[in-house]
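>>> Mind looking at a prediction? Sequence and model below.
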Amino acid sequence: MKEAIDLIFPQNLIQEPIVYNLCKEVSIIFNIRRAKVTEKIGEIVLELEGSQEEITQAKDWLKKRGIKVEPITHDTLEG
């Protein structure tokens, strides 16, 4: 199963290796589809691949660290 999500990072987490740490904690495959980072905010469009349980665990892990997680439709990714 695949799911695309939009991650919004607060300023205090921009320098942290969040995606790396996520993969060490949750068995998930990821594909960075798009990323934009400034001094004040970071945004990553991330495609997650795994079981529904693994994807849910990954999203919960991100949210617990203060990252805003928003769903993205396939049409949005290709546009």
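In hand now; what should we look at? Predicted model only: the values in this text are computed from it and were never measured. Numbering: from 1, shown residues only.
>>> Look at residue 29 and say how many residues are nearby.
For residue 29, the count of nearby residues is 11 (other CB atoms under 10 Å). Just so you know, the C-beta spots here come from the backbone N, C-alpha and C atoms, and that holds for glycine as well.
>>> Repeat that for residue 62.
Neighbour number of residue 62 under other CB under 10 Å is 22.
>>> Please, where are all the strands along the protein?
Secondary structure of the chain, counting by DSSP state E: strands at 2-9, 29-37, 42-49, 68-72.
>>> got those strands as TSV, with distance to residue 62 columns?
Below are these laid out as TSV (distance: least, CB to CB, whole Å):
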stretch	distance to residue 62
strand 2-9	6
strand 29-37	11
strand 42-49	9
strand 68-72	5
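>>> Adding mean pLDDT and distance to residue 18, write those strands out as a markdown table.
Converted to a markdown table, those look like this (pLDDT from 0 to 100; distance: least, CB to CB, whole Å):
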| stretch | mean pLDDT | distance to residue 18 |
| --- | --- | --- |
| strand 2-9 | 95 | 7 |
| strand 29-37 | 94 | 11 |
| strand 42-49 | 95 | 8 |
| strand 68-72 | 94 | 11 |
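>>> who are the neighbours of the lengthiest helix in the chain, in terms of helices and strands?
In the chain, with assignment by DSSP state H, the single longest helix is helix 52-64. Helices and strands touching helix 52-64, as assessed by 3 or more CB pairs under 8 Å, 6 or more residues apart in numbering; DSSP states H and E, comprise strand 2-9, helix 18-25, strand 42-49, strand 68-72.
>>> Thanks a lot, catch you later.
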